[in-house]
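Participant: Got a sequence here, can you model it:
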Amino acid sequence: MKLVVAALTTVLVFAVLAAACGSPAAAPVPSGSAESKPAADIPSAASGQFARAGTMKEARISHAALLLPDGRVLVVGGRGKGVGHTAVIHKTAELYDPATGLWARTGEMAEERELPAIALLQGGRVLAAGGIGNHGTVKGTAELWDPATGTWRPTGAMKEARREFGLVTLKDGRVLAVGGKDKTFKFLASVEVYDPATGTWSDAAPMAVARALHTTTLLDDGRGLAVGGGKFDGPYLASAEVYDPATDAWSSAGTMSASRALHTATLLKDGRVLVVGGRGKRTSAEIWDPVSNTWTPAGNTASPRADHTAALLSDGRVLVVGGVGKLTSAEVFDPASGAWSPTGSMFEPRYRFAATTLRDGRVLVSAGQSTDSVLAEAELYTP
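Facilitator: Below you'll find the predicted structure:
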C-alpha cells in the first residue's frame with residue numbers, strides 16, 4: 001500500500017466504528033437499499049470543481065482515512081467538538097460509499113484514538129495503531145477491522161506507545177511503524193514491524209534521527225522513505241532517510257532545501273516523491289528521486305500550506321488542498337511540466353482533514369477543522 005502519513009500531515013499524513021452513545025453498531029447501508037440515493041442524486045461537479053458529499057456521522061479532525069479494495073472509504077477516530085480535555089476523542093468509524101453517496105456507521109473501536117495511524121493489510125483488513133486518547137494519553141495498543149463483519153478486535157500492542165508517527169504496509173504484508181512521540185513526548189528514532197500472521201510487533205533498525213510530524217512513504221521498490229519532522233512550532237528537520245526491509249537498515253536520503261513538518265509527501269507515478277509545504281509558511285515544493293538519491297526544486301504553491309492534504313490523481317498530477325490559514329483553495333501540480341496551476345476551491349476552509357482518491361478518479365475530502373468549528377461535512381473533487 002502506498003500511504004502518506006502526514007505528520008499532524010502525509011504524511012504526516014496520511015485514517016481513515018460504532019453508533020454514538022453506546023448504541024449497537026450499524027451495518028453499512030447496502031447499495032440499492034431503501035436508504036440508498038438514486039444515481040441522479042449522487043453529488044457531482046464539473047471538471048476542476050468541488051461538490052458537496054453529504055454530512056458524516058461525526059464531526060472530526062485529526063482522523064485517518066483510506067480506500068478499501070471494494071471502493072468504499074473507511075474513516076477512523078479523530079477528535080470531535082470541544083476544547084482541550086473536554087473534546088470528544090472518537091472510538092467510532094464510518095464508511096463512505098461512492099456508489100450511493102451515503103455515509104454509514106461501522107463497528108466501534110475498543111479505544112478512542114486521535115491521530116490514529118492506519119494501514120490496509122493484504123486481504124482487506126485494516127490495522128489501527130497508536131494515537132492520542134482521553135486526557136492526552138499516548139496509545140501503544142492496536143486493533144484490526146474486518147470488512148466482512150464490520151467489527152474491530154484487539155491485536156498485539158506496539159513495543160512503544162506512539163503518536164504522530166508513520167505507518168506503511170510493506171510489500172511482504174508486514175507493517176512498518178516509524179518514529180513519533182512517546183508517553184513523555186520524547187521524539188522517537190525507534191522503528192517496529194507488525195506481522196499480521198502472528199499479530200505481534202518486533203523491533204526493526206532505528207532511524208539515524210528521531211522524528212515526529214514527519215511523512216512516511218512506501219516506494220515502488222519496497223523501501224520506506226521518512227522525510228522531515230520536528231516540533232509543532234519548530235525547529236524542523238530538512239533531512240530524510242530510507243529503510244530497506246531486505247537488509248533491515250536505514251540510509252541517508254539526502255537533505256531538502258527547506259526544513260519541514262506537517263508537510264505532505266506523495267508518491268508519483270514515475271516512482272519519485274513530491275514533498276509540499278510545511279510549518280513556517282512554506283510555499284516551496286521539491287522532488288526526491290530514488291535512483292539518484294537527490295532532491296530537486298518543484299516550484300512554489302500560490303499559498304503557504306501546512307496541515308493540508310495531497311492526493312495523487314489518476315492522470316499522474318497531484319491535487320493539494322486546504323491547510324492552516326482558513327484556506328479553501330486547491331492547486332494542481334503537473335510532474336510532466338513541473339508547473340502548478342489553480343483549480344476550484346472547497347466550500348469550507350479546512351485543515352487537519354483527510355483526502356482520499358476514489359477508484360473513479362474523484363477525490364473525497366472528509367471533515368477537518370474549519371474557521372471556528374469542527375466539520376462533519378465532506379466534499380468531492382472532480383479532476
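Participant: can I assume His85 sits in a helix?
Facilitator: Yes. According to DSSP: H, G, I helix; E, B strand; the rest coil, His85 belongs to a helix.
Participant: Next up, the contacts around it.
Facilitator: Taking Cβ atoms under 8 Å, 6 or more residues apart in numbering, we find His85 in contact with Asn134, His135, Gly136. All C-beta atoms are positioned from the backbone trio N, CA, C, and that covers glycine.
Participant: count of neighbours near the nearest residue in space to Ala378 that is not next to it in sequence?
Facilitator: Among residues not flanking Ala378 along the chain, Ala53 sits closest, at 4.1 Å (Cβ to Cβ, 6 or more residues apart in numbering). Look at Ala53: counted by other Cβ atoms under 10 Å, it has 24 neighbours.
Participant: can you tell me the helix or strand for Ala53?
Facilitator: strand 49-55 (DSSP states H and E).
Participant: where's Gly166 relative to Pro116, distance?
Facilitator: Gly166 sits 12 Å away from Pro116, going by Cβ to Cβ, to the nearest Å.
Participant: So for these two, which residue has more residues nearby?
Facilitator: Taking neighbours as other Cβ under 10 Å, Gly166 and Pro116 compare with Gly166 leading, 36 against 29.
Participant: in what helix or strand does the closest residue to the more buried one other than its chain neighbours lie?
Facilitator: Spatial nearest neighbour of Gly166, excluding adjacent residues (Cβ to Cβ, 6+ apart): Thr216 at 2.5 Å. Element membership of Thr216, judged by DSSP H and E, is strand 215-218.
Participant: Can you name the element that comes right after that strand?
Facilitator: As assigned by DSSP H and E, the chain's next helix or strand after strand 215-218 is strand 224-227.
Participant: Give the pairing partners of that next one; include direction for each.
Facilitator: Strand 224-227 pairs in its sheet with strand 215-218 (antiparallel), strand 237-244 (antiparallel), by DSSP bridges.
Participant: Can you tell me which of those is most buried?
Facilitator: Comparing those by mean neighbour count (mean count of other Cβ atoms under 10 Å), strand 215-218 ranks first with a mean of 30.
Participant: on that earlier part again, just confirm the residue nearest to Gly166 contacts Glu164, I think it does.
Facilitator: No. Using Cβ atoms under 8 Å, Thr216 is not in contact with Glu164, being 11.1 Å away.
Participant: Where do the strands of the stretch 51-200 of the chain begin and end?
Facilitator: Along the stretch 51-200 of the chain, counting by DSSP state E, counting those that start in this stretch, strands occupy 64-67, 73-76, 93-97, 102-106, 117-120, 126-129, 142-146, 151-155, 166-169, 175-178, 191-195, 200-204.
Participant: closest to His308 out of the ones you listed?
Facilitator: Taking Cβ to Cβ, strand 64-67 is the member of those nearest to His308, at 14.7 Å.
Participant: Specify the strand with the largest residue count in this protein.
Facilitator: The residue-count maximum for a strand in the chain (DSSP state E) belongs to strand 249-260.
Participant: partners of whichever helix or strand comes after that one, with directions?
Facilitator: For strand 249-260, the following helix or strand on the C-terminal side (DSSP H and E) is strand 264-267. Strand 264-267 pairs in its sheet with strand 273-276 (antiparallel), by DSSP bridges.
Participant: tell me the mean pLDDT for the partner strand?
Facilitator: For strand 273-276, mean pLDDT is 98.
Participant: Pull the residues that contact whichever helix or strand comes after it.
Facilitator: Sequence order places strand 284-289 as the next helix or strand after strand 273-276, per DSSP H and E. Applying Cβ under 8 Å, 6+ apart, the external contacts of strand 284-289 come out as 225, 227, 240, 253-254, 256-258, 268, 272-277, 294-301, 333, 335, 340.
Participant: Could you dump the strands paired with strand 224-227 into TSV and include distance to Lys186 and mean pLDDT?
Facilitator: Formatted as TSV, the strands paired with strand 224-227 follow (distance: least, Cβ to Cβ, whole Å; pLDDT from 0 to 100):
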stretch	distance to Lys186	mean pLDDT
strand 215-218	19	98
strand 237-244	16	98
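Participant: which one of those lies closest to Thr357?
Facilitator: Across these, Thr357 has its closest neighbour in strand 215-218 (15.0 Å, Cβ to Cβ).
Participant: The closest one: how far from the chain's middle?
Facilitator: 10 Å (Cα atoms, centre = their mean, to the nearest Å).
Participant: Repeat that for stretch 109-119.
Facilitator: Relative to the mean C-alpha coordinate of its chain, stretch 109-119 is positioned 12 Å out (Cα atoms, centre = their mean).
Participant: Report the buried residues of it.
Facilitator: The neighbour-count check on stretch 109-119 (16 or more other Cβ atoms under 10 Å) flags Met109, Glu111, Glu112, Arg113, Glu114, Leu115, Pro116, Ala117, Ile118, Ala119 as buried.
Participant: Save the residues you listed as TSV, and put in distance to Lys181 too.
Facilitator: As requested, the buried residues of stretch 109-119 are exported to TSV (distance: Cβ to Cβ, whole Å):
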residue	distance to Lys181
Met109	21
Glu111	18
Glu112	18
Arg113	15
Glu114	13
Leu115	10
Pro116	14
Ala117	12
Ile118	18
Ala119	19
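Participant: and which of the residues you listed is nearest to Met207?
Facilitator: Ala117 (16.1 Å).
Participant: Go ahead and confirm the closest one touches Thr169.
Facilitator: No. Counting by Cβ under 8 Å, Thr169 is not a contact partner of Ala117; they are 11.2 Å apart.
Participant: mind checking pLDDT for the nearest residue to Thr357 once chain neighbours are set aside?
Facilitator: In this structure, Thr357 finds its nearest non-sequential neighbour in Ala311, 4.8 Å apart by Cβ to Cβ, 6+ apart. Listed pLDDT for Ala311 reads 98.
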